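**Student:** quick one, what's the 3D model for this:
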Amino acid sequence: MNFNRTLLGFAHESSLEWPFMECSAVCTCSLRCGNRVAQKGATYAIEVFRTCDGRGWAVRALRDIRRGAFIGEYTGELLSDTEMARSERVDTYFFETRVVGVSELDARLYGNFTRFINHSCRPNAAVAMVIWEAQLEKLNHICIFATENISKGDEITISYGESWWKAKVSKAYLNHQGCWLFFLILL
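**Tutor:** The predicted model follows:
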């Protein structure tokens, strides 16, 4: 995945491998700096809606979103390894973090619209780690950026990644979603 950096947002070759560093309070630039995007919060109108094909909830754009634009930050409850081990935890809304002493971010009970973004084998958005508190380098924000132009009314989707699919999904579902050829190799 390689999409060019614009003043609108994310510009890094690898979504979760390397964090993208935005300007912070220690920078001398203005608050209008093009390298202060995710920290300003979501600015695009979106809608959480119920799908008619049985996939559950989803997110769609209520206006056009340009390629590279910041869509939103994935938020939730920070969980330690001990908390993760509790049997009542259901990992549907988990994201692995790089926060020291914390293993997962759980949006099941506490979160925002980003927890309803579905998987696609042809996603129009990507997940990226973003840092803007220079003094808190280990605090990564999990952010969603458009990887292509998204038209008003289009569903916003990401790839959940290889490890999620290996652990969770049946071959029948993969075939249904058009992911069969790619994920057959993984299973």
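
**Student:** which stretches in the chain count as strands?
**Tutor:** Using DSSP state E, the strands found in the chain span residues 20-21, 46-50, 57-61, 70-74, 77-79, 94-96, 104-106, 118-119, 125-131, 141-146, 157-158.

**Student:** neighbouring strands - and their directions - for the longest one?
**Tutor:** Sheet pairing for strand 125-131, assigned by DSSP bridges, gives strand 20-21 (parallel), strand 141-146 (antiparallel).

**Student:** out of those strands, which is the most enclosed?
**Tutor:** Mean neighbours per residue, mean count of other CB atoms under 10 Å, is largest over the strands paired with strand 125-131 for strand 141-146, with a mean of 25. For glycine as for every other residue, the C-beta is placed from the backbone atoms N, C-alpha and C.

**Student:** now that strand against strand 57-61, angle please.
**Tutor:** Angle between the axes of strand 141-146 and strand 57-61 is 60 degrees (criterion: axes from the mean of the first three to the mean of the last three CA atoms, to 10 degrees).

**Student:** and the angle for strand 141-146 with strand 70-74?
**Tutor:** Here strand 141-146 runs at an angle of 150 degrees relative to strand 70-74 (the same axes, to 10 degrees).

**Student:** quick revisit: and the strands paired with strand 125-131 as a markdown table, adding mean pLDDT and distance to Lys40?
**Tutor:** Shown next, in a markdown table, are the strands paired with strand 125-131 (pLDDT from 0 to 100; distance: least, CB to CB, whole Å):
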| stretch | mean pLDDT | distance to Lys40 |
| --- | --- | --- |
| strand 20-21 | 75 | 14 |
| strand 141-146 | 88 | 11 |
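
**Student:** TSV for those strands, including distance to His119?
**Tutor:** Putting these into TSV (distance: least, CB to CB, whole Å) gives the following:
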stretch	distance to His119
strand 20-21	22
strand 141-146	13
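
**Student:** okay, and the beta partners of Glu47?
**Tutor:** Beta-bridge pairing for Glu47 (DSSP bridges): Arg60.

**Student:** for it, give its distance to Gly54.
**Tutor:** In this view, Glu47 and Gly54 are 19 Å apart by CB to CB, to the nearest Å.

**Student:** can you check Ser120 too?
**Tutor:** Distance of Ser120 to Gly54, computed by CB to CB: 16 Å.

**Student:** show me which of the two is the more surrounded one.
**Tutor:** Neighbour tally, Ser120 and Gly54, criterion other CB atoms under 10 Å: the higher count belongs to Ser120, 17 against 6.

**Student:** not counting sequence-adjacent ones, nearest residue to the more buried one?
**Tutor:** Leaving aside its chain neighbours, Ser120 sits nearest to Thr157 (3.5 Å; criterion: CB to CB, 6 or more residues apart in numbering).
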